[in-house]
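# any chance you could fold what I've pasted below:
(chains A and B)
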There are 2 protein chains.
Amino acid sequence: MSFDPLSLKYNEAGLIPCIAQEEGSGEILMMAWMNAQSVMRTLETHKVTYWSRSRQAFWVKGESSGHLQELVDLRIDCDRDCLLAVVRQTGPACHTNRRSCFYTAIRDGEELELMQPMV
Amino acid sequence: MSFDPLSLKYNEAGLIPCIAQEEGSGEILMMAWMNAQSVMRTLETHKVTYWSRSRQAFWVKGESSGHLQELVDLRIDCDRDCLLAVVRQTGPACHTNRRSCFYTAIRDGEELELMQPMV
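I've put the predicted structure just below:
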């Protein structure tokens, strides 16, 4: 079946969440949002392109930092309301300079940092 | 630092997305939503408990199907607006009986099914 970005289910703001997972290690790097145009640009350029809700603009991941996400595979969930991008990540994915945004765990009621910023 | 579920950032409906990832394999199983009470119940019971937007009710994953998600670790992202649950999944995570909800890939403009339902 031919893929149509408009066949995805977007929220009231026209956005769909996209999880970025590193190829190979399977590490979850981040979650951000895409609109239909972001999905098309990501597929066309193989550079993962989110929609920045704060800036209200396209956000080619790593365009300013150099920490690009190269698309390896884009997947859709059963409800068509969430995307999974399998990527090759250059450097840290997180703006705190950590490899992944999910660096805080909740253990025994306390927050615990699992990762240090990359040097 | 002691963890307070109210310190997370919920959307206008009081919900936060939660990604479920299988311990060990790193496979991403599904994404669903939690409210503050779901987060507390998940941490207390170690059974991953979402909020069903369609039913407007707590959704203890696998409670009716037996396909439970046992919580191994709960993580927060840098913006505190997305959760990652590392889980032990019994059986399929997807309501289509597939191991993961992300069984459709987009390749060369076509949708391709990567997984069959479990038997």
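# dump the residue contacts of A:Asp81.
Contacts for A:Asp81 (CB atoms under 8 Å, 6 or more residues apart in numbering or on different chains) come out as A:8-11, A:16-17. (C-beta placed from N, C-alpha, C; glycine too.)
# residue contacts, the most centrally placed residue in chain A?
Closest residue to the average C-alpha location of chain A: A:Ala20 at 3.9 Å, with CA atoms, centre = their mean. The neighbours of A:Ala20, taking CB under 8 Å, 6+ apart as the test, are A:28-32, A:48, A:61, A:69, A:85, A:87, A:89, A:93.
# those residues also near chain B: which ones?
A:28, A:30-31 (CB under 8 Å from any CB of the partner chain).
# between the residues you listed, which has the most around it?
A:Met30 (26 neighbours; other CB atoms under 10 Å in any protein chain shown).
# any idea which element that residue lies in?
In this assignment (DSSP states H and E), A:Met30 forms part of strand A:28-34.
# which residues touch the next helix or strand after that strand?
With elements assigned by DSSP H and E, the helix or strand that comes after strand A:28-34 is helix A:36-45. With CB under 8 Å, 6+ apart as the test, helix A:36-45 has contacts from A:5-6, A:8, A:10, A:14, A:16, A:34, A:47-51, A:58, A:60, A:71, A:74, A:83, A:85, B:106, B:109.
# right, and chain B sits closest to which residue of chain A?
A:Gly26 (2.5 Å; CB to the nearest CB).
# report pLDDT for the closest residue to that residue other than its chain neighbours.
In this structure, A:Gly26 finds its nearest non-sequential neighbour in B:Gly26, 2.5 Å apart by CB to CB, 6 or more residues apart in numbering or on different chains. As predicted, B:Gly26 sits at a pLDDT of 97.
# swap in A:Val119?
78.
# look up how far B:Asp73 lies from the residue of chain A most remote from its centre.
Relative to the mean C-alpha coordinate of chain A, counting by CA atoms, centre = their mean, the farthest residue is A:Asp108 (28.9 Å). Distance of A:Asp108 to B:Asp73, computed by CB to CB, to the nearest Å: 12 Å.
# is it correct that A:Thr90 is in contact with A:His67?
Yes - contact criterion CB atoms under 8 Å: A:Thr90 and A:His67 qualify, at 5.4 Å.
# intersection of neighbour lists for the two?
Counting by CB under 8 Å, 6+ apart, A:Thr90 and A:His67 have no shared contacts at all.
# these two: which is more packed in?
A:His67 (17 against 14).
# on that earlier part again, which one of the contacts of A:Ala20 has the most neighbours?
Of those, with other CB under 10 Å as the count, A:Val48 tops at 30 neighbours.
# list the contacts of the nearest residue to it once chain neighbours are set aside.
In this structure, A:Val48 finds its nearest non-sequential neighbour in A:Gln69, 3.9 Å apart by CB to CB, 6+ apart. Contacts for A:Gln69 (CB under 8 Å, 6+ apart) come out as A:20, A:29, A:47-48, A:61-62, A:85, A:87-90, A:93.
# rewinding a little: ok, the strand holding A:Met30: who's next to it in the sheet?
Applying DSSP bridges, strand A:28-34 is found paired with strand A:16-22 (antiparallel).
# rounded mean pLDDT for the strand it pairs with, please.
What strand A:16-22 shows for mean pLDDT is 98.
# quick one: that strand to helix A:36-45, angle?
Counting by axes from the mean of the first three to the mean of the last three CA atoms, to 10 degrees, strand A:16-22 lies at 30 degrees to helix A:36-45.
# hey, C-alpha coordinates of strand A:16-22 in CSV?
These are the backbone C-alpha positions of strand A:16-22, laid out as CSV (Å, rounded to 0.1, in the frame of the first residue of the first chain):
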residue,chain,number,x,y,z
ILE,A,16,2.0,13.4,15.8
PRO,A,17,4.6,12.2,18.3
CYS,A,18,7.7,10.6,16.9
ILE,A,19,10.1,8.5,19.1
ALA,A,20,13.7,8.4,18.0
GLN,A,21,15.5,5.1,18.6
GLU,A,22,19.1,4.4,17.9
